[in-house]
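Engineer: below are the sequence and a predicted model for it; my questions follow.
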Amino acid sequence: MKKEIQYIKGIGPKRYEAFLKEGLKTASDFLYYFPRDYIDRTNVTTLKSLAVKLRQETESISQSITEDFSFKLEFSFVGRITEKKVHTFGRNRKFLKLTVNDLQNGYAEVIFWSYADYYAKLYDIKELISVSGKPELNRYGTISFSHPEIQRLDSEDEKQFETGKILPIYKLSENLKKYKISSKTIRDIVQTILPSELKNVEDTLPDYVLKEFGYPNAQEAIKNLHFPSQKEDIDKARQRMKFEEIFFFELLLAIRKRKIKYIEKGLALSPKSKSARKLYNSLPFRLTKDQIKVINEISQDMQSGKPMNRLLQGDVGSGKTIVALLSMLTTIDNGFQTAFMAPTELLAEQHYHTILNYLKDFDISVVQLVGGQKKRVRQEILEKIASGEANIIVGTHALFESEILYKDLGLIIIDEQHRFGVAQRAELISLGKKSHDDEELAPHILVMSATPIPRTLSMTLYGDLDVSIIREMPKNRKPVKTKVVFESQLPSVYSFIRVEVRKGRQAFVVYPLVEKSEKLDLKSATEHYEKLKNDVFPDLRCGLLHGQMLWYEKDETMKAFLEKQYDLLVATTVIEVGIDIPNATIMLIENSERFGLSQLHQLRGRVGRGSEQAYCILATKENFKFHFNKKLQDEQDTVSAIIRLKSMEETSDGFKISEIDLKLRGPGDFLGTKQAGLPSFKFLNLASDGDLISKARKFAFQIIADDPHLRKVENKAMRENFIKQYKEGNHYFDIA
Ligand code: ADP
Ligand code: MG
């Protein structure tokens, strides 16, 4: 029976309700409600040394962005209020400034921009308080916290603190604060329940795992997170918690991967392929080392008799198509069909023509399956697919409709789909199996993506896939010249565009919005399309592309641009991934401070695909000029915008960019929506815990290799916890 907390001393009905809202119902829920931070008299980071560190950081940010930087972390300290003053500014607006001295000769200011009078009444001079928040440097180099979390320390706390105890600080929601629940309230509750609750905690990690890594057991870790006696206890406990979070997820991935790799049977294809050899010999360029490495990895997979399940990551223009094509030819020479799926019709069409072009002198039948084809044409194609006459089938997701019957589908390529999930892959596997006489034989699958993903994410998100990476760009590629410009420089940018267009090139001009907005002071594509067309470039041909157009309108516009019917394409971010417009050499992005870093990098990838020098121009607000030449010490939004723009100027390496982006935004935002399938981690930080993740991953995979069903006695607790966490019922989760 779980003990409900309303019976605990000091929790009345109102507080009980408040805790319920936070999901804190039973005593054991409190056990796992860990402190957000700690304050420690022996803390080596005093306010003085923090100020020094912050100053160094702001300086190093203005030097090189792409080198490692850490982003404002939380900081807590205990201090006494020594000054309190309500200031006025603007038209009768007020803010409160408290000066707080820590007990080691450092001080910080605490600012309340709103409810100044209220907070002024709340706190008194000489009071001892704890302050937790994100420190910043103000323009005088003083540490400043704005609206931090403040807790008053009573005499008992003070005594504890004075005697060198570490005090835990718990997170308090507005809801909890409303009921006057303080960090101390929670601390007292935890103290009450700890002795009896801790006894019920069973370790999820077996002894041999704890020993291997030197981690404390679960009971010890939980106790030390709430009431550490020294700093090292906290670190060790945290490491263990992080490990546990990622370890069980990696176990899941190991099980899934084993299922595909060792249980499914795949086609064993001979690597000898006359067609692949012939294409290879006819290429007008030499493959890069990375391309060759990846081709070998794919070839190994395809020979193995186990189905390939591989993700190929490579920046835009790194040459993934030719890798795919060579693998397709090998498959065809072994007597199997291949399907190539693109995300849009336009891209499918471009791939279709690229492939036709490469295979002009080959006796290989390539067909295209897209929407809008005449019934008779479509029927003919379907028959060719069913009879096996068609060797390569190019199309969109329509390729996988149930009415399409394949004849011996050996390899499926998915282009530009970095979010291709487990369930979708399972469907493809069964589709491929159905096409074979031996319905046990799964097809090979290669998913390609031009969205570089940091290593920590590919180890988790795509952990059940094998990952190949093309990092090296073809030699003949000139890097896109990237420059940040300010509003007042736009006229000269426009002149530059005109010069390039006169030379026969084309340009993209990208805006953050489709239409003018009342609320946002941002430029819109439709409005500026008119301006550019009528006022700035009356002599040039301008097209317009945005997300509110229908898909075929977008396709038509893109096609017209590709066919050079426009000199200039005014657009929002909808410009397609992967489309090849070699003649476009300029990418001008206005209000570029509003775009995400990965987004900017993707947009830049739309140019520079031909032999001419290409340019990416990032236009931004005039007043950013000031920040660019100064230490960065403004509010977070501006700082990260500037880090983004500077990173773009500094590097064109997609992987580097993705790592910076992950740090700036955190994994949730980085992946767009909350990524299905990735658990939420309380302790683990996907951006910075790379080493721990790979340690846990290696260990989890070893355990599954040794004990695939977790049946060994020593793995019993692990098995039980695993089932508790992942009981989805999907057969990929099944370890029985
Ligand atoms: P992506 O990886 O973005 O799909 P593509 O496969 O479309 O890139 O390749 C981009 C361009 O680079 C194509 O025109 C292709 O012919 C060319 N290419 C591919 N590999 C090489 C290479 N090793 N050397 C030179 N050019 C290459
Ligand atoms: Mg491509």
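Structural biologist: Cool, got the structure. Numbers count the residues shown, from 1 in each chain. Ligands and ions are numbered 1, 2, ... in the order given.

Engineer: when you work out contacts or count neighbours from here on, use the C-alpha atoms and nothing else.
Structural biologist: Will do.

Engineer: I'd say Ala339 and Asp408 touch.
Structural biologist: No. Counting by C-alpha atoms under 8 Å, Ala339 stays clear of Asp408, with 10.8 Å between them.

Engineer: what ranges do the helices span in the stretch 601-736 of the chain?
Structural biologist: For the stretch 601-736 of the chain, the helices defined by DSSP state H, counting those that start in this stretch cover 624-628, 636-650, 654-670, 690-706, 716-725.

Engineer: for the first one, buried residues please.
Structural biologist: It stands for helix 624-628. 624, 627-628 (16 or more other C-alpha atoms under 10 Å).

Engineer: sorry, back to before: format the helices of the stretch 601-736 of the chain as CSV; extra columns: distance to Glu149 and mean pLDDT.
Structural biologist: As requested, the helices of the stretch 601-736 of the chain are exported to CSV (distance: least, C-alpha to C-alpha, whole Å; pLDDT from 0 to 100):
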stretch, distance to Glu149, mean pLDDT
helix 624-628, 29, 75
helix 636-650, 18, 84
helix 654-670, 22, 80
helix 690-706, 30, 92
helix 716-725, 33, 87
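
Engineer: turn the ones you listed into JSON lines, columns for distance to ligand 1.
Structural biologist: Putting the helices of the stretch 601-736 of the chain into JSON lines (distance: least, C-alpha to the nearest ligand atom, whole Å) gives the following:
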{"stretch": "helix 624-628", "distance to ligand 1": "32"}
{"stretch": "helix 636-650", "distance to ligand 1": "19"}
{"stretch": "helix 654-670", "distance to ligand 1": "12"}
{"stretch": "helix 690-706", "distance to ligand 1": "26"}
{"stretch": "helix 716-725", "distance to ligand 1": "38"}
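
Engineer: which of these sits closest to Ala116?
Structural biologist: Of all these, helix 636-650 sits nearest to Ala116, with 22.3 Å by C-alpha to C-alpha.

Engineer: quick one, that closest one and helix 654-670 angle?
Structural biologist: Helix 636-650 runs at 160 degrees relative to helix 654-670, counting by axes from the mean of the first three to the mean of the last three C-alpha atoms, to 10 degrees.

Engineer: tell me what helix 636-650 is packed against?
Structural biologist: Helices and strands touching helix 636-650, by 3 or more C-alpha pairs under 8 Å, 6 or more residues apart in numbering; DSSP states H and E, are strand 481-486, helix 597-604, helix 624-628, helix 654-670.

Engineer: figure out which of the ones you listed is closest to Asp157.
Structural biologist: helix 654-670 (34.6 Å).

Engineer: next, the angle from that closest one to helix 597-604.
Structural biologist: 130 degrees.

Engineer: report the buried residues of helix 654-670.
Structural biologist: Neighbour-count burial for helix 654-670 [16+ other C-alpha under 10 Å]: 654-664, 667, 670.

Engineer: for the nearest residue to Ser517 once chain neighbours are set aside, give me its contacts.
Structural biologist: Nearest residue to Ser517, sequence neighbours excluded (C-alpha to C-alpha, 6 or more residues apart in numbering): Ser524, at 7.9 Å. By C-alpha atoms under 8 Å, 6 or more residues apart in numbering, the contact list for Ser524 reads 511-517.

Engineer: most neighbours among those residues, which one is it?
Structural biologist: Tyr511 (27 neighbours; other C-alpha atoms under 10 Å).

Engineer: these two touch, right, it and Asn591?
Structural biologist: Yes. Using C-alpha under 8 Å, Tyr511 is in contact with Asn591, at 6.8 Å.

Engineer: what bits of this structure have low per-residue confidence?
Structural biologist: Applying pLDDT under 70 to the chain flags residues 1-3, 42-45, 57-73, 418-421, 518, 576-578, 629-636, 667-678, 728-736.

Engineer: and with 50 instead?
Structural biologist: 68, 633-634, 673-674, 729-736 (pLDDT under 50).

Engineer: any buried residues in the longest strand that it contains, and which?
Structural biologist: As assigned by DSSP state E, the longest strand anywhere in the chain is strand 75-89. Buried residues in strand 75-89, counting neighbours by 16+ other C-alpha under 10 Å, are found at 75-81, 84, 86.

Engineer: same check on stretch 176-191?
Structural biologist: 176, 181-184, 186-187, 189-190.

Engineer: okay if I get those residues as a markdown table plus distance to Thr204 and secondary structure?
Structural biologist: Putting the buried residues of stretch 176-191 into a markdown table (distance: C-alpha to C-alpha, whole Å; DSSP: H, G, I helix; E, B strand; the rest coil) gives the following:
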| residue | distance to Thr204 | secondary structure |
| --- | --- | --- |
| Leu176 | 31 | helix |
| Ile181 | 32 | coil |
| Ser182 | 31 | coil |
| Ser183 | 29 | helix |
| Lys184 | 30 | helix |
| Ile186 | 26 | helix |
| Arg187 | 25 | helix |
| Ile189 | 25 | helix |
| Val190 | 22 | helix |
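
Engineer: distance to Gln379 for those residues - can I get that in TSV?
Structural biologist: Listed next are the buried residues of stretch 176-191 as TSV, based on distance: C-alpha to C-alpha, whole Å:
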residue	distance to Gln379
Leu176	65
Ile181	70
Ser182	71
Ser183	70
Lys184	73
Ile186	69
Arg187	71
Ile189	71
Val190	70
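
Engineer: going by distance to ligand 1, which of those residues wins?
Structural biologist: Leu176 (51.2 Å; C-alpha to the nearest ligand atom).

Engineer: please name the nearest non-neighbouring residue to the closest one.
Structural biologist: Nearest residue to Leu176 in three dimensions, chain neighbours excluded: Ala18, at 6.0 Å (C-alpha to C-alpha, 6+ apart).

Engineer: now the one you found: which helix or strand?
Structural biologist: Taking DSSP states H and E as the definition, Ala18 sits inside helix 13-21.

Engineer: so which elements touch that helix?
Structural biologist: Using 3+ C-alpha pairs under 8 Å, 6+ apart, helix 13-21 sits against helix 174-178.

Engineer: the residue lying closest to Arg697 once chain neighbours are set aside: what secondary structure?
Structural biologist: Spatial nearest neighbour of Arg697, excluding adjacent residues (C-alpha to C-alpha, 6+ apart): Glu250 at 5.4 Å. Under DSSP: H, G, I helix; E, B strand; the rest coil, Glu250 falls in the helix class.

Engineer: for Glu250, what are its contacts?
Structural biologist: 460, 463, 696-697, 700-701.

Engineer: can you lay out those residues as JSON lines showing neighbour count?
Structural biologist: Below are the contacts of Glu250 laid out as JSON lines (neighbours: other C-alpha atoms under 10 Å):
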{"residue": "Thr460", "neighbour count": "21"}
{"residue": "Gly463", "neighbour count": "20"}
{"residue": "Ala696", "neighbour count": "23"}
{"residue": "Arg697", "neighbour count": "24"}
{"residue": "Ala700", "neighbour count": "22"}
{"residue": "Phe701", "neighbour count": "21"}
